[in-house]
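# need coordinates for the following:
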Amino acid sequence: MMQQIDMNSPEFQAELEKTWRFVEKVNSQFNLVQNPNDEVNEGVAMGLARNRMIYGKRYCPCFMVIGETPEEQKAADNRICPCKPALEKEIPEDGLCHCGIFCTAEYAEAQKTKDEIEEIVHQHSKGLTHEQAEVLLKQEQLDGDELEALLEARELKMIDFELIDVREYMEYQMGHIVGTDALVPTTQFYAKIEEISDKKKTPIIVYCHTGSRSFQVQHAMKSLGFEQVSNLQYGIISFNGETQRG
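So this is what the prediction gives:
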């Protein structure tokens, strides 16, 4: 059985402190900076610390760890931070790694400016019609505003769907979207998915931290016969609606 990590325990806090030193070392070694979004950095750092405690290695927290044993995990070529794809492709081409914690200085400055502008000018009106809500619910990839609009439509009983968090228990405790119906951690996916096997005909929306794990879960659920599964494309960090801890 997968161990539960208490994020308030001295052991986890000590590992988290080591992880932040590791992040600083990576930044220094590769001339990188951290993401201007502190929530991104916090979530990734905690995920790295969690994986180090569970698996003994800082596997990238935005990907499912494949393999039950260390030998199987090594053979599966799971990403270990800082991973080769990030250093050789993602950061040079996109300005940041897939998980988002490591960025070039140029990307970080541009993103900071963009965030400041969006905070000032961004306005959106939800208020979907029944027909619009039905169409939107069929999209495979959703952004934060679209999910917020769908949650409002569900509250008004215009549509129905299940919202599933596929992160780990401690991430859920840190903060989850209000209206989440179930937690199906990726580390326990095939065991937990049985608990909602009666929902295969119900529209489902899955989310994680940045959208990577939920994207994988989306396709895994479809292969198991779930008929309509949508993904919060950029994860909970892109969601500006109501969240809660605990």
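# where in the chain is pLDDT low?
Counting by pLDDT under 70, the chain has low-confidence residues at 1-3, 116-127.
# swap the cut-off to 80 and go again
The chain contains residues with pLDDT under 80 at 1-4, 113-128.
# just the strands in it please.
33-34, 102-103, 141-142, 162-165, 176-177, 182-183, 204-207, 229-232, 243-244 (DSSP state E).
# partner strands of the last one and their direction?
The strands beside strand 243-244 in its sheet (DSSP bridges) come out as strand 176-177 (antiparallel).
# what does the partner strand contact?
With contacts defined as C-beta atoms under 8 Å, 6 or more residues apart in numbering, strand 176-177 is touched by 147, 151, 163, 165, 183, 207, 236, 239, 241-244. C-beta here means a position set from N, CA and C on the backbone, and glycine is covered the same way.
# roughly how far apart are the closest residue to residue 141 other than its chain neighbours and residue 194?
Spatial nearest neighbour of residue 141, excluding adjacent residues (C-beta to C-beta, 6 or more residues apart in numbering): residue 233 at 4.3 Å. To residue 194, residue 233 is 26 Å away according to C-beta to C-beta, to the nearest Å.
# have a look at those two and say which one is more surrounded.
Legend: neighbour count by other C-beta atoms under 10 Å for residue 233 and residue 194, higher for residue 233 (19 against 10).
# contacts only, for the residue nearest to residue 141.
141-143, 211, 215.
# at the geometric centre of the chain, which residue sits there?
For the chain, the residue nearest the mean C-alpha position is residue 209 (1.8 Å; C-alpha atoms, centre = their mean).
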